[in-house]
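>>> sequence first, then the predicted structure, then my questions.
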Amino acid sequence: MNGIDGLDITNGINEEFIASAAKTRGARRTLWYSLAAAACAVAAAVAVTAALRGGTPQPETQSALMPAQTGTSETAPTAVQTAAPTEAPTPEPVILYAPGAGGIQEFVPSHGGTNIDGALNRAINDGEHEDCLFAVDIGVTDLTADVYEMLTEEFLKCAKDPYYKKYCDIERKWSNECRKRLQEINEIAGTTEQSSPEWMEAYNRKREEYVLTQMDRYEWNRCKAANAAYHEAEARLGSYSVEPKVVALAAERLDAEFERLKSAGLNVYRNEKGGICGYLTAEQIRNFPGSTDYGYYIIWQGHDGGIAE
Amino acid sequence: MKDSRIVDKYLARDDSALKATAEKYGGRLKQLALRLLADDFAAEECVSDAYLAAWNSIPPNEPRDYLFPFLARIVKQRALNRIRSDRTKKRAAQLTELTREMEECIPFSADVSQEAEAKELIRLINGFLGGLEKQKRDIFVRRYFFLDSVREIAGDLGRSESSVKTTLFRLREKLKAYLKAEGYRV
C-alpha cells in the first residue's frame, strides 16, 4: 500500500471525528466572539439568579464566577445554585474585515461588471471562509450612463457638424491673418493689453471683417452657432454628473438598486452618506447579482481592531 | 441552509438540493479537490461528481448531521482515483508531502484492494483516533482527511507550526506502533 492508498484509507475516518475537526477550521477567528458571547451569557445567568433570590446573595452561596473561598469563614460555602442549563445559542457567523485599511488595493476585474479588491478576491475563493460574512461597501457605477451616452451622442453630433468644422478652419486662417494685423488692432483698441474689453472689441471687429471676405454672413452665423453648440455640449458632458436633475436621477436609481439587492436576499444597509454597505458571504460575493445596467465595486471594509486575516 | 433541510430536499428529489449544496459547500469541496489535483478543471469535475453521487445515494443515506464529511469523502475518492489513473500528470505539491507522511505510518503489507482488509484497517485507525485527546485527533483529521497545511492548522488552533509538526510526527509514530501491535508490518 502506498501513500495514495493511505489517503484513501483516511476517507474511512469516522464522520463524527471529521465533523469535529471541521469545526476547528477557521476556529481561531471565532474564538474571541464565542468567549465574548459566553461571558455575556454567564453574566446574564448570574443576574437572573440574583434577581430570583431578591438581589441579595446568601452568605453560604457564591457566584458561579468567583473562585471558591477557603480558610476562616464560619459558614462553609455550599454548592452554588445555578440556573438550569439552556440550549446553546447558534453561534453568529464571524464578520471579516480587511487586513489594514481596506479599500481597493489591487484591482482585479472579475465577475463581469463587478470589480473587487485582490485581497477580498483571494479570501472569498480560498474555501476557508464559506461560513463567514465579509463587511463590504458596494459601489454602484454608471447609474446615469444612459444620460452620459445621450450627451456623448449630442457632443459627437456637434463635433461632426460641418459648420463646426468650417468654424475651426476659419479660426485657423484668422489666427495666421491676425498676426499681420496686430498693430492695426492695437491702434484701433488704443491699447496693447489684449485682455482689455477695448482690445477684444477691436479684435472681434477685425476678425468679422476678415471672415466675411471668406464666406457670407449666413454661413458665418451658422458656423458661430455650431461652435457655441459644440462648447455647450462639451461643458454639459464635463459637468453633467453635478446637474441637479442628473444627481436626483442617480439617487433615485441607487435607492432602487438598494431595494433590488435587498430583495435578492443580500444583507445590505445604507450608511450615513447614503452608500450601500453589507455583510455578504463569500458565495454571495462570487455570484454577486449585479444588474447589467450598472458597474459595481465591492470594497472590503477596513476596521481597526476588527477580525481580519 | 441547514444540512438537515438540504437532505430533506434530496429525499424529496427536489433538484434545488444540488444548488443548495453547491452554495453551502461548493467552495470547500473544490478546495479539497485542488489540494490533491493541481488542476482547476479536474477539481471542478470531482466536485460535480460528488453532487451526482450525493443525488444517487441520498436516499438511502441521510447524512443530516454529516453532510459535509459525506460529500468530502466522495470528492477525495474521486480525486485520488484520478491521480491513480493518470500518474504522469502533475500533482499538487502538497500531495507529495502528504503521501510521504502517510507512508511513514501505514502498513505496506496491507492490501486495501481487498475490502475486508481495508475495512479492518479503517476500524483500527478509528480506534486509534478514538483514543486520542480531541485536539490531537482534530489535528490528525485536518491533516490527513482535510489535507490542510501545517500553517493552516497552526493558525486556527493558535499554535506554532513547529508545535503542530511535532504533534503530527508523534501521532504518526504512535499510529505506527498501534498498527504494529495489531500485527501489521509498517
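Nice, I can see it. Just so it is clear, the structure is predicted and the values come from calculations on it, not from any experiment.

>>> so where's the chain uncertain?
Using chain A. A:1-3, A:27-93, A:100-113, A:303-309 (pLDDT under 70).

>>> sorry, I should have been clearer: chain B.
B:86-94, B:107-115, B:185-186.

>>> just to confirm, which helix or strand has B:Met1 in it?
Using DSSP states H and E, B:Met1 sits in no helix or strand.

>>> my guess is it contacts B:Lys24, does it?
Yes. The criterion here is Cβ atoms under 8 Å, and B:Met1 meets it with B:Lys24 at 6.3 Å. For the C-beta atoms, the positions are set from N, CA and C on the backbone; glycine is no exception.

>>> neighbour count for those two, which is higher?
Taking neighbours as other Cβ atoms under 10 Å in any protein chain shown, B:Met1 and B:Lys24 compare with B:Lys24 leading, 21 against 14.

>>> list the contacts of the more buried one.
Counting by Cβ atoms under 8 Å, 6 or more residues apart in numbering or on different chains, B:Lys24 touches A:Glu130, A:Glu283, B:Met1, B:Asp3, B:Ile6.

>>> pull the most distant pair out of the residues you listed.
Using Cβ to Cβ, the two most remote members of the contacts of B:Lys24 are A:Glu283 and B:Asp3, lying 15.8 Å apart.

>>> and those two? Which one has more around it.
Applying other Cβ under 10 Å to A:Glu283 and B:Asp3 shows that B:Asp3 carries more neighbours, namely 19 against 16.

>>> neighbours of the spatially closest residue to that one that is not a sequence neighbour, how many?
Nearest non-adjacent residue to B:Asp3, counting by Cβ to Cβ, 6 or more residues apart in numbering or on different chains: B:Leu67, 4.0 Å away. B:Leu67: 24 surrounding residues under other Cβ under 10 Å.

>>> and B:Phe128, by the same measure?
19.

>>> likewise for B:Leu171?
Neighbour number of B:Leu171 under other Cβ under 10 Å is 20.

>>> just the CA trace of stretch A:10-24, in CSV.
In CSV, the C-alpha atoms belonging to stretch A:10-24 read as follows (Å, rounded to 0.1, in the frame of the first residue of the first chain):
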residue,chain,number,x,y,z
THR,A,10,-8.4,8.1,5.8
ASN,A,11,-11.6,8.6,3.9
GLY,A,12,-13.0,6.0,6.3
ILE,A,13,-12.4,8.1,9.3
ASN,A,14,-15.5,8.3,11.5
GLU,A,15,-17.9,11.1,10.4
GLU,A,16,-18.1,12.4,14.0
PHE,A,17,-14.3,12.9,14.0
ILE,A,18,-14.4,14.7,10.7
ALA,A,19,-17.3,16.9,11.7
SER,A,20,-15.4,17.8,15.0
ALA,A,21,-12.3,18.7,13.1
ALA,A,22,-14.2,20.6,10.5
LYS,A,23,-15.4,23.0,13.3
THR,A,24,-11.9,23.9,14.1
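
>>> now do the buried residues in it.
A:Thr10, A:Asn11, A:Gly12, A:Ile13, A:Asn14, A:Glu15, A:Phe17, A:Ile18, A:Ala19, A:Ala21, A:Ala22, A:Thr24 (16 or more other Cβ atoms under 10 Å in any protein chain shown).

>>> next SSE after the helix or strand where A:Phe134 lies?
Take DSSP H and E as the rule and A:Phe134 turns out to sit in strand A:133-141. On the C-terminal side of strand A:133-141, the closest following helix or strand by DSSP H and E is helix A:145-160.

>>> mind exporting that following helix as PDB, just the C-alpha atoms?
Extracted in PDB, the C-alpha atoms of helix A:145-160 (Å, rounded to 0.1, in the frame of the first residue of the first chain):
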ATOM      1  CA  ALA A 145     -24.600  56.100 -18.000                       C
ATOM      2  CA  ASP A 146     -27.600  56.400 -20.300                       C
ATOM      3  CA  VAL A 147     -27.600  60.100 -19.800                       C
ATOM      4  CA  TYR A 148     -23.900  60.300 -20.400                       C
ATOM      5  CA  GLU A 149     -24.300  58.300 -23.600                       C
ATOM      6  CA  MET A 150     -27.000  60.600 -24.700                       C
ATOM      7  CA  LEU A 151     -24.900  63.700 -24.000                       C
ATOM      8  CA  THR A 152     -22.000  62.000 -25.700                       C
ATOM      9  CA  GLU A 153     -24.100  61.400 -28.800                       C
ATOM     10  CA  GLU A 154     -25.100  65.100 -28.800                       C
ATOM     11  CA  PHE A 155     -21.500  66.100 -28.300                       C
ATOM     12  CA  LEU A 156     -20.300  63.900 -31.200                       C
ATOM     13  CA  LYS A 157     -23.100  65.200 -33.400                       C
ATOM     14  CA  CYS A 158     -21.900  68.700 -32.700                       C
ATOM     15  CA  ALA A 159     -18.300  67.800 -33.300                       C
ATOM     16  CA  LYS A 160     -19.200  66.300 -36.600                       C
END
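
>>> quick one, the following helix or strand past it and helix A:145-160 angle?
Using DSSP H and E, the helix or strand that follows helix A:145-160 in sequence is helix A:162-180. Interaxial angle, helix A:162-180 versus helix A:145-160 (axes from the mean of the first three to the mean of the last three Cα atoms, to 10 degrees): 60 degrees.

>>> next, the buried residues of the helix or strand following helix A:162-180.
On the C-terminal side of helix A:162-180, the closest following helix or strand by DSSP H and E is helix A:182-189. Residues of helix A:182-189 classed as buried: A:Ile185, A:Asn186, A:Ile188, A:Ala189 (neighbour count, 16+ other Cβ under 10 Å).

>>> just the angle between helix A:182-189 and helix A:162-180, please?
90 degrees.

>>> which helices and strands sit right next to helix A:182-189?
If you count contacts as 3 or more Cβ pairs under 8 Å, 6 or more residues apart in numbering or on different chains; DSSP states H and E, helix A:182-189 packs onto helix A:197-211.

>>> near chain B, anything from the strand holding A:Phe134?
No. On the criterion Cβ under 8 Å from any Cβ of the partner chain, strand A:133-141 is out of touch with chain B, staying 13.1 Å away.

>>> need the contact partners of that strand.
A:93-97, A:120, A:123-124, A:254, A:257, A:261, A:267-268, A:271, A:275-282, A:285, A:294-301, A:303, A:306.

>>> filter the residues you listed by proximity to chain B?
Among those, chain B is touched by A:Ala282 when using Cβ under 8 Å from any Cβ.
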